[in-house]
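Asker: Fold the stuff below for me.
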Amino acid sequence: HVMDIDFPYEYRSWENTDPRDLFDAPTRPKPSGGGKMKNHLEKNGSNCDYLYLWLDCDREGENIAFECIDIIQRVNRKLK
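Answerer: All right, here's what the predicted structure looks like:
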């Protein structure tokens with residue numbers, strides 16, 4: 001995975017957070033694995049003309065593909 005989803009800081013204490021509150025709590029994306037894959041995509045995707053993705057044909061693979069596209073499009077507006 002390229003990105004994870006996390007709750008804001010105020011929801012991180014399991015002792016002080018009612019689990020029912022998490023259903024309506026906001027979430028935010030954060031790079032998984034310390035951001036190594038995100039950094040790799042930004043660096044190598046910034047100069048490419050085309051992007052070909054070959055990932056698993058399931059929901060998880062589709063999600064990873066869209067994460068890659070989103071990250072690379074932020075650093076490369078000419079991407080096709």
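Asker: so where does the nearest residue to residue 27 once chain neighbours are set aside fall, helix or strand?
Answerer: The spatially closest residue to residue 27, leaving aside those adjacent along the chain, is residue 5, at 4.8 Å (C-beta to C-beta, 6 or more residues apart in numbering). Yep, even glycine has a C-beta here, placed from its N, CA and C like the rest. Per DSSP states H and E, residue 5 falls inside strand 3-6.
Asker: hey, C-alpha coordinates of the longest helix along the chain in CSV?
Answerer: Counting by DSSP state H, the longest helix found in the chain is helix 59-75. Below are the C-alpha coordinates for helix 59-75, written out as CSV (Å, rounded to 0.1, in the frame of the first residue of the first chain):
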residue,chain,number,x,y,z
ARG,A,59,-10.6,-3.6,-5.1
GLU,A,60,-7.3,-3.4,-3.2
GLY,A,61,-5.3,-3.4,-6.4
GLU,A,62,-7.7,-0.7,-7.9
ASN,A,63,-7.2,1.4,-4.7
ILE,A,64,-3.4,1.2,-4.9
ALA,A,65,-3.6,2.2,-8.6
PHE,A,66,-5.6,5.3,-7.8
GLU,A,67,-3.2,6.2,-4.9
CYS,A,68,-0.3,6.0,-7.4
ILE,A,69,-2.1,8.1,-9.9
ASP,A,70,-3.1,10.8,-7.4
ILE,A,71,0.5,11.0,-6.1
ILE,A,72,2.1,11.2,-9.5
GLN,A,73,-0.4,13.7,-10.9
ARG,A,74,0.5,16.1,-8.1
VAL,A,75,4.1,16.3,-9.3
